[in-house]
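Peer 1: Fold the following, please.
(one chain, ligands or ions: 1)
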Amino acid sequence: MASNFHLEVGADRLATLTFDSPDKKVNIFTRTALQELERVLEELSGRHDVGCLILLSGKPGSFIAGADVEEIARVTDPVEAEAGSRVGHRLFAAWEALPFPTVAAIRGVCLGGGLEISLASTWRVASDRPDTRLGLPEVQLGILPAWGGSTRLPRLIGIAEALDLILTGKTVAGRKALKLGLVDALMPDARFLDEVRDFALERAGQKRRDDSGAGFKELLLEKNPVGRKILFDQARKKTLEQSRGHYPAPLRALEVVRVGIEQGVRAGFDAEARAAAELATSKISKNLVHVFHLTENAKKENGLAGAEPRRVRHTAVLGAGVMGGGIAQLIADKTGLPVRMKDVRDEALASGMAHAAALFDKQVQRRRLTAPEARRRMALLLPTLDYSGFSRADLVIEAIVESLGVKQEVFAETAKHVRADAVLASNTSSLSIAGIGARTPERSRVVGMHFFNPVDRMPLVEVIAAEGSDPAAVNTVFAFTRKLGKTPILVRDTPGFLVNRLLMFYSTEAFWLLDEGCRMEDLDRAMTDWGMPVGPITLADEVGIDVATKVAHILRDAFSDRLPVPAWLDKVPQSGRLGTKNGKGFYLYEGKERKGPDPSIYSLLGLHPREEAPDPGAIADRMVLPMVNEAARCLEEGVVRSAADVDLALIFGTGFPPFRGGLCRWADQEGLNQIVATLERLESAVGDRFRPSDALRATAEAGGFYARFG
Ligand code: NAI
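Peer 2: Next comes the predicted model:
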């Protein structure tokens, strides 16, 4: 039977233990791997011919990716979860107690349990390869480092730095790890194995390091309970602000770290195990693990069946506005390919270039890029007012004004300047892809590629296959989206595609609530309390009120029976309010800074806000349930392929709260029969638009979204 660990002991008393999970791309501490590690530890504890032991990975690009997520997904019994934590404590304590020093040789990702065994090693060294990342990402799955990490890390690098890693789940590169004291040495990747051996040989037979377990930062803080209290209080406040109380894991981890520091290692381990029992079995952790699975499964999708993507070597972007500038910058940044950026106005080109330069500057400031590298990438952007360079383009992405006539004309014109097999993609938010391509020769190569604003931050791209789209063109866009570091979702060419369609049902309901006398800030607060990143009124300001109302009209025309909009809607943009972009919207702005809601909105629209605050739960139902109702229709119409796609698209495209697991998963958990009943109640109390769709009723009967469209 293939095993996970291979032990070799050399004549120089240097031993290497190589972790190499059979049949897996990365090393994972599965149940079997842990059992094998236990046997290896038994053998090692009795070896007297070892001077120093190196822990190596047999995988070329990664060290250890952590514990087995499937085990976390599966566990529902708190007793079992606690036992799972204690297994890690026992094994890593045995590792720490080996009668010779150990060196964790970290090359590539070292996460979760991988970092925890490293923390229990005498020494840690890392390769300087760019993909070396160290971290404890457990909170992102709604749990905490519970194999000793929450207790050992603060002892090694100090409380403040440890909390920064544990409470956010962020990872650090090798250089930062060295600076933090998380690793003892950083080694050039080309000579990594040789240098690790030299490092280990120098320490062979030495006594264990005398500073392990009691770093000086810790002692300083330990002697200063007042300083420590301030530190924990600040971390708690920051965590509460960031999680808005929706994510219990970081707060629980904070308490565990405090126990470990104040009451000692053993108490820390006990606290870890108890917290693991509670968190790993919680609904929120299960939802976050579900989102993790959605993300992992999405990586395996390839677009339409039966066609290979074409290679993209040269690209062009039409339009240097908010979106075009962002897309061109992204291409230069992530693919290293040259990008022609065409606009009809010189000023637009200048501002598109300035936008791209600002994005690169930000990365330099954050030390993600060196200044020369940023300059090199910036030089890939080639602004133009004509079609020069388009003849070489394999892919053209259009992001010009949202007008069908103009886009049709521009596509037909572009086709004259590119090869017949160049893929032409449109970033339209609401127009039909087939319609845009109607006048383009070889129109089967016209595909939708719908990014979200801001391009550099939003991880989703809807890839839209129109009727008659060439699968190779669709898959080219799909594959290229992934190269850009974004998650592509395949969507059918229907009004609003998926995300804007669902979102419009949510936003227009906010406008109806405003019409009924709800105050803007109450609507926003109800939804941010529910977990949305911004409320619906703020969202309209951020998207641009002109854009939002335009899309609202297009979708109202498409779904007139169920998406009425208030008669006053156009008055808002007509009054010169475009939102954050011109500093005038539903809210007041001073420069970029938002002040309170603009009270003159109410008189402009002839509305009379009520003083008493409405029930936030009832408000959330009014806005979220229409999305659920419409999601069932989308799935029945085949707009996307699965409930999982709906969930991932809303999380990545709108920031739908991950702790709820996605719209469909949330609805399934609430119970679709219950949701149908609430919609029926709203239908009679508020209006026909709430009538439960046949698609939703059928989905309820089939046992839920995932049962029917899983
Ligand atoms: P924008 O108004 O900032 O930029 C449009 C640019 O296109 C302008 O610089 C304009 O000069 C240029 N342009 C107009 N006609 C042109 C032509 N014939 N050739 C080359 N350039 C031309 O608009 P924005 O916001 O960047 O939107 C562009 C497209 O992206 C629209 O289709 C919009 O629906 C879509 N979109 C917008 C999102 C947003 O949040 N703003 C989100 C997702 C998609």
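
Peer 1: what about the stretch 301-450 of the chain, any weak spots by pLDDT?
Peer 2: Flagging of the stretch 301-450 of the chain using pLDDT under 70 yields an empty set of residue ranges.

Peer 1: Number of residues surrounding the residue of it found nearest the ligand?
Peer 2: Closest contact between the stretch 301-450 of the chain and the ligand, by Cβ to the nearest ligand atom, is at residue 321 (1.8 Å). Any C-beta I mention is one placed from the backbone N, CA and C, and that applies to glycine too. Neighbours of residue 321 under the rule other Cβ atoms under 10 Å: 17.

Peer 1: same thing with the one 5 residues further on?
Peer 2: Residue 326 is flanked by 25 other residues according to other Cβ under 10 Å.

Peer 1: if we can go back for a sec, tell me how far the residue of the stretch 301-450 of the chain closest to the ligand lies from residue 393.
Peer 2: According to Cβ to Cβ, to the nearest Å, residue 321 and residue 393 sit 19 Å apart.

Peer 1: Check residue 379 too.
Peer 2: 18 Å.

Peer 1: what about those two, which has more around it?
Peer 2: The neighbour comparison of residue 379 against residue 393 (other Cβ under 10 Å) goes to residue 393, with 25 against 10.

Peer 1: Confirm for me that the more buried one is in contact with residue 424.
Peer 2: No - if you go by Cβ atoms under 8 Å, residue 393 and residue 424 don't touch, sitting 9.4 Å apart.

Peer 1: Let me see the contact set for residue 563.
Peer 2: Remark: with contacts taken as Cβ atoms under 8 Å, 6 or more residues apart in numbering, residue 563 is in contact with 504-505, 508, 555-556, 689.

Peer 1: for it, helix, strand, or coil?
Peer 2: Following DSSP: H, G, I helix; E, B strand; the rest coil, we place residue 563 in the coil state.

Peer 1: Count the neighbours of the nearest residue to residue 137 once chain neighbours are set aside for me.
Peer 2: Distances taken as Cβ to Cβ, 6 or more residues apart in numbering place residue 169 nearest to residue 137, at 4.0 Å, with adjacent residues excluded. Number of residues near residue 169 (other Cβ under 10 Å) recorded here: 20.

Peer 1: do residue 533 as well
Peer 2: Neighbour count of residue 533, defined by other Cβ under 10 Å: 13.

Peer 1: how about it, phi and psi?
Peer 2: Dihedral pair for residue 533: phi -70, psi -40, per degrees, to the nearest 10.

Peer 1: same check, this time on the one 3 residues further on
Peer 2: Dihedral angles phi and psi of residue 536 (degrees, to the nearest 10) take the values phi -70, psi -30.

Peer 1: Now do the same contact list for it.
Peer 2: Residues counted as contacts of residue 536 (Cβ under 8 Å, 6+ apart) are 506-507, 509-510, 523-524, 527, 623.

Peer 1: What is the helix or strand hosting residue 628 packed up against?
Peer 2: In this assignment (DSSP states H and E), residue 628 forms part of helix 616-637. Packing contacts for helix 616-637, counted by 3 or more Cβ pairs under 8 Å, 6 or more residues apart in numbering; DSSP states H and E, involve helix 499-515, helix 520-530, helix 643-654, helix 663-670, helix 672-685, helix 694-701, helix 705-709.

Peer 1: Compare these and give me the one nearest the ligand.
Peer 2: Nearest to the ligand among the helices and strands packed on helix 616-637 is helix 499-515 (8.3 Å), distances taken as Cβ to the nearest ligand atom.

Peer 1: which residues are contacting stretch 426-441?
Peer 2: 323-324, 327, 397-399, 402, 404, 407-409, 411-412, 414-415, 420, 424, 443, 446-451, 464, 466-469, 493, 495-496, 500, 547, 550-551, 554-555.

Peer 1: circling back: most neighbours per residue, which of the helices and strands packed on helix 616-637?
Peer 2: Burial of the helices and strands packed on helix 616-637 is given as mean neighbour count (mean count of other Cβ atoms under 10 Å); helix 643-654 ranks first at a mean of 25.

Peer 1: Need the phi and psi values for residue 315.
Peer 2: Listed backbone geometry of residue 315 is phi -130, psi 160, with angles given as degrees, to the nearest 10.

Peer 1: Leaving out chain neighbours, which residue sits closest to the residue in the stretch 551-700 of the chain that the ligand sits nearest to?
Peer 2: The ligand sits closest to residue 551 of the stretch 551-700 of the chain, with a gap of 7.7 Å, by Cβ to the nearest ligand atom. Nearest residue to residue 551 in three dimensions, chain neighbours excluded: residue 430, at 4.7 Å (Cβ to Cβ, 6+ apart).

Peer 1: which SSE is the one you found in?
Peer 2: Assigned by DSSP H and E, residue 430 belongs to neither a helix nor a strand.

Peer 1: burial count for it?
Peer 2: The tally of other residues near residue 430 (other Cβ under 10 Å) stands at 21.

Peer 1: Now find how far off-centre stretch 70-88 is within its chain.
Peer 2: 26 Å (Cα atoms, centre = their mean, to the nearest Å).

Peer 1: do the same with stretch 524-542
Peer 2: Counting by Cα atoms, centre = their mean, stretch 524-542 comes out at 19 Å from the chain centroid.

Peer 1: quick one: is that stretch near the ligand?
Peer 2: No - for stretch 524-542, no contact with the ligand is found by Cβ under 6 Å from any ligand atom; the gap never falls below 8.4 Å.

Peer 1: so how far is the ligand from the closest residue to residue 68 other than its chain neighbours?
Peer 2: Closest residue to residue 68 apart from its sequence neighbours, by Cβ to Cβ, 6+ apart: residue 30 at 4.6 Å. As judged by Cβ to the nearest ligand atom, to the nearest Å, residue 30 and the ligand stand 42 Å apart.

Peer 1: neighbours around residue 30, how many?
Peer 2: Residue 30: 16 surrounding residues under other Cβ under 10 Å.

Peer 1: wait, what's in contact with it?
Peer 2: Residue 30 touches 4, 21, 68, 71, counting by Cβ under 8 Å, 6+ apart.

Peer 1: Filter those down to just the ones in strands.
Peer 2: When the contacts of residue 30 are checked against strands (DSSP state E), there are no matches.

Peer 1: for the residue in the stretch 51-200 of the chain positioned nearest to the ligand, what are its contacts?
Peer 2: Distances between the stretch 51-200 of the chain and the ligand by Cβ to the nearest ligand atom are smallest at residue 140, namely 27.0 Å. Contact partners of residue 140, counting by Cβ under 8 Å, 6+ apart, are 169, 288, 292.

Peer 1: Need the per-residue pLDDT for it.
Peer 2: What the model reports as pLDDT for residue 140 is 97.

Peer 1: circling back to that earlier point, show me whatever sits in contact with both of residue 393 and residue 424.
Peer 2: Contact criterion Cβ under 8 Å, 6+ apart; residues shared by residue 393 and residue 424: residue 418.

Peer 1: Point out the residues in the chain that sit beside the ligand.
Peer 2: So far as Cβ under 6 Å from any ligand atom goes, the chain lies against the ligand at 318-324, 342-345, 348, 399-402, 410, 427-429, 451-453, 543, 547.

Peer 1: Least confident secondary structure element in the chain?
Peer 2: Using mean pLDDT, DSSP states H and E, the weakest-scoring helix or strand in the chain turns out to be helix 216-222, at a mean of 54.
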